[in-house]
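S.K.: Give me a 3D structure for the following:
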Amino acid sequence: NALRWLKGKQNEDGSWSTTYPAAMTGLCLLAYCGHCETVDSPEFGETVAKAIGYLVGKGESAGGMIVSVNGNTTSYEHAIAVYGRE
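M.R.: Sure, this is the predicted structure:
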């Protein structure tokens with residue numbers, strides 16, 4: 001039920017939250033990965049794919065740093081986002 005709730009709260013761009021969305025997206029993605037959900041999962045595949053796409057896009061647009069708040073380069077947000085992508 002929690003994964004379904006998260007799915008309903010995902011932003012159109014694949015992120016979650018408006019405060020530190022890269023970090024929040026990494027944490028939400030970890031919840032799906034912890035449940036063995038992948039991009040091929042019937043119910044959650046699109047959700048997982050959108051989250052991964054969001055994080056990859058953030059990294060590509062910021063020279064490898066995955067950050068989302070006004071160019072903030074905190075290692076906190078980057079580390080959580082990278083952990084979520086693993």
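
S.K.: In this structure, where's the longest helix?
M.R.: helix 45-61 (DSSP state H).

S.K.: Enumerate the positions of that helix that are buried.
M.R.: Thr47, Val48, Lys50, Ala51, Ile52, Tyr54, Leu55, Lys58, Gly59 (16 or more other CB atoms under 10 Å). Where you see a C-beta, it was placed from the backbone N, CA and C, and this is true even at glycine.

S.K.: Give me the distance from that helix to the chain's centre.
M.R.: Relative to its chain's centre, helix 45-61 lies at 6 Å (CA atoms, centre = their mean, to the nearest Å).

S.K.: Report all helices and strands that the helix or strand following it contacts.
M.R.: Downstream of helix 45-61, the first helix or strand assigned by DSSP states H and E is helix 75-85. Contacts defined by 3 or more CB pairs under 8 Å, 6 or more residues apart in numbering; DSSP states H and E place helix 75-85 against helix 21-34, helix 45-61.

S.K.: Name the nearest residue to the spatially most central residue of the chain, sequence neighbours excluded.
M.R.: The residue lying closest to the centre of the chain (CA atoms, centre = their mean) is Thr25, at 2.8 Å. In this structure, Thr25 finds its nearest non-sequential neighbour in Ser15, 4.7 Å apart by CB to CB, 6 or more residues apart in numbering.
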